[in-house]
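Chemist: Give me a 3D structure for the following:
(chains A and B)
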Amino acid sequence: MKLSVEEIDQLDRYASRTLDQTEKAAIEDRMQSDTTYRLLAQEHLKLIHEVKRRGERSRVLELLEGAHRDMNAQASARTTADYTANISAGTEADSVQVKQKSPKPARKFEVGYWKLSGIAASVALISVVATFAITRSLKNEQSANYKELRRNVEQIKRSQKLMMDDIAEKKVEPAPAPANYAGTSFLISSNGYLTTSYHVVRESDSIFVENEAFGNLKAKVVYQDRENDIALLKIPGFILDKSTLPYAISKKESNLAEDVFTLGYPKEDVVFGAGSISAMTGYKGNPIAYQISVPVNPGNSGGPLFNSRGDLVGIISGQQTQSSGTAFAIKSTVLLTSIDQAPDSIKTLIRPARAISQKIPTRVDQVNEWRKYVFMVRVYKEQ
Amino acid sequence: MYYFDELIIAEIRKKNEVALQELYKTHYPMIVHLICSNNGTEQEAKDIYQDAMIAFYERVHQPDFVLTCKIKTYIYAVSWRLWLKRLTHKKRYDGNFEVAESFLRVEEEMQSIEQMELDYDKMNEAMNGLGEPCQSIIRDFYVKGNSMEEISAKYNYTNADNAKNQKYKCLQRLKKLFFDGRQED
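Modeler: Below you'll find the model as predicted:
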């Protein structure tokens, strides 16, 4: 069994990321369903990866040699020449005594270090002011700096159990099996459609949503948009008494510095967090997200981000691990586009929430009303 | 955790050549000192250091790479391991040097690096065994990123489709050489 010329061609373009979204998805689907194909494709991808790495290595080696020559040139240019001459001579002559030069490398090290600091400082400046174009696939890699905020329930199971034991007089209900992951979700239509982050519900076998107002309900995933980290859930048979939600999905982008707040379930109770839009782009300049200064924790993923009028402006998606107070939310405009791309069978059933004119006097009242429509998501998967 | 180092890694991932070169210059004296005070020469230090830098560079580009210590510590630990390996090879390492655990996971890291080396050697051998014009076609297409049209013109094929077929055949042979270590029968 061999791959055809066309299949190879396609995989080459897959590896160089020049395929469009549908072709890319088609390949990934086929890899999932067709084991023979997957093995062959993986073999091919590995092969060309190694070919490229071989080419890359000779390039990098040249770079390093260049740096080395540079360094030697700088060293011999210096007037404190004895030891540095030794270095360049030694490179060729292959024989240098350590004792001769042990005090001086430290000094040289310092000089170089400051230069590197300079680069990093300018880099820091650049990354603050510049917006980088970013390929979408980058976003899906859980990198060291970016952390998705689904909560691993395993960790808190133990403390939860202790608390349950404590409440001895309380009638022990049959405890639900502990979920694997938890996140947050919120209604976007009065007929039971919810939105959450794709990474919360990926690999799920069953999903339950729960809040104070509506209790524990079973939900199912009806649409997943991995590129934008968006998933739509549906609670079967769910209809709100009122035909509208108190909030609408904002059709235009928010403004920098606009006040925003979120409601989410990093623990078993709903948690309120407020802050502002701190940048119009997300992690590494990702244009589909905002950077926000709202305190978030694992479990906040998929939660709604509201502006001061109470309209939905984003979906909490992740945070930067190296700096505190930097979180990211997918823009509501992206959510609308994503819904628009959903299959008609789903799209036509969603009745997106419309804004209502009713004024809510204080944020406390607002949150008290809004929280009814925000749910905790529990995701179970077979081990 | 290592904000400064993460920045440098981000730059290296973006193929910022200056960052890589400055990093090289920064830590070179440290490794010269390390190797030269452990029975090595400066030439050997340079070799080891470049191997370590390449390993670092390639690891940084792998999706599973996570920085668990400073870059400096990483380079130092990897260089040290590579040096011990070379000494063992030269039968001059009698186990007397102290093997310090300089960072967690150095063992796993060395395994990844050794795996990469094995793969690299295999590919090197496979490419060298491939012969011309296959080797050049594959390199032009995958490394230099030339299009099939350019390749077809360069190697005098009648059209891009012919060149593509030739590339396909070369690829099949390369695959055989790489995965099985021998030519197709």
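Chemist: Okay, and residue A:185 sits in which element?
Modeler: Counting by DSSP states H and E, the element that carries residue A:185 is strand A:181-187.
Chemist: what does residue A:313 give?
Modeler: Short version, using DSSP H and E: residue A:313 is in strand A:312-320.
Chemist: what helices or strands is that strand leaning on?
Modeler: The helices and strands touching strand A:312-320, judged by 3 or more C-beta pairs under 8 Å, 6 or more residues apart in numbering or on different chains; DSSP states H and E, are strand A:146-148, strand A:259-264, strand A:289-292, strand A:304-307, strand A:327-331, helix A:332-341. Where you see a C-beta, it was placed from the backbone N, CA and C, and this is true even at glycine.
Chemist: Tell me, how many residues neighbour residue A:242?
Modeler: Residue A:242 is flanked by 9 other residues according to other C-beta atoms under 10 Å in any protein chain shown.
Chemist: Let me fix that, I meant to ask about residue A:299.
Modeler: By other C-beta under 10 Å, the residues close to residue A:299 number 27.
Chemist: Please verify my assumption that residue B:157 contacts residue B:163.
Modeler: Yes - counting by C-beta atoms under 8 Å, residue B:157 touches residue B:163, with 4.3 Å between them.
Chemist: higher neighbour count, the two?
Modeler: Using other C-beta under 10 Å as the criterion, residue B:157 and residue B:163 rank with residue B:163 on top: 24 against 20.
Chemist: Just give the nearest non-adjacent residue to the more buried one, would you?
Modeler: In space, not counting the residues next to it along the chain, residue B:163 is nearest to residue B:152; the distance is 3.7 Å by C-beta to C-beta, 6 or more residues apart in numbering or on different chains.
Chemist: in which helix or strand would I find that neighbour?
Modeler: Of the helices and strands defined by DSSP H and E, residue B:152 is found in helix B:148-154.
Chemist: and that helix, what other elements does it pack with?
Modeler: In terms of contacts (3+ C-beta pairs under 8 Å, 6+ apart), helix B:148-154 is packed against helix B:160-180.
Chemist: Now the closest residue to chain A within chain B: closest residue in space, sequence neighbours ignored.
Modeler: With C-beta to the nearest C-beta as the measure, residue B:143 is the residue of chain B nearest to chain A, at 3.0 Å. Spatial nearest neighbour of residue B:143, chain neighbours left out: residue A:55 (3.0 Å); criterion: C-beta to C-beta, 6+ apart.
Chemist: re the thing from before, my guess is the residue of chain B closest to chain A contacts residue A:50, does it?
Modeler: No - applying C-beta under 8 Å, one finds residue B:143 not in contact with residue A:50, separated by 11.2 Å.
Chemist: In terms of neighbours, single out the busier of these two.
Modeler: Using other C-beta under 10 Å, the more surrounded residue of residue B:143 and residue A:50 is residue A:50, with 21 against 17.
Chemist: Just to be sure, the more buried one is in a helix?
Modeler: Yes - the assignment for residue A:50 by DSSP: H, G, I helix; E, B strand; the rest coil puts it in a helix.
Chemist: what bits of chain B have low per-residue confidence?
Modeler: Filtered on pLDDT under 70, chain B yields the residue ranges B:1, B:91-105, B:181-185.
Chemist: Show me the domain layout of it.
Modeler: With automatic domain parsing serving as the domain definition, the record reports that chain B contains domains spanning B:3-104, B:114-180.
Chemist: Looking at those, which is nearest to residue A:44?
Modeler: Between residue A:44 and these, the tightest spacing by C-beta to C-beta is seen for domain B:114-180, at 7.5 Å.
Chemist: Output stretch A:205-223 in PDB with nothing but the alpha carbons.
Modeler: Output of stretch A:205-223 as PDB, limited to C-alpha atoms (Å, rounded to 0.1, in the frame of the first residue of the first chain):
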ATOM      1  CA  ASP A 205     -18.200  11.300  26.200                       C
ATOM      2  CA  SER A 206     -20.900  13.000  28.100                       C
ATOM      3  CA  ILE A 207     -21.600  16.500  29.300                       C
ATOM      4  CA  PHE A 208     -23.700  18.000  32.100                       C
ATOM      5  CA  VAL A 209     -24.400  21.600  32.700                       C
ATOM      6  CA  GLU A 210     -25.500  22.900  36.100                       C
ATOM      7  CA  ASN A 211     -26.400  26.100  37.900                       C
ATOM      8  CA  GLU A 212     -28.500  27.300  40.700                       C
ATOM      9  CA  ALA A 213     -31.400  28.400  38.600                       C
ATOM     10  CA  PHE A 214     -31.900  25.300  36.500                       C
ATOM     11  CA  GLY A 215     -30.200  22.500  38.300                       C
ATOM     12  CA  ASN A 216     -28.200  19.700  36.600                       C
ATOM     13  CA  LEU A 217     -29.100  19.100  33.000                       C
ATOM     14  CA  LYS A 218     -27.600  16.900  30.300                       C
ATOM     15  CA  ALA A 219     -26.300  18.600  27.300                       C
ATOM     16  CA  LYS A 220     -24.700  17.500  24.000                       C
ATOM     17  CA  VAL A 221     -22.200  19.000  21.700                       C
ATOM     18  CA  VAL A 222     -23.800  20.100  18.400                       C
ATOM     19  CA  TYR A 223     -21.000  22.000  16.800                       C
END
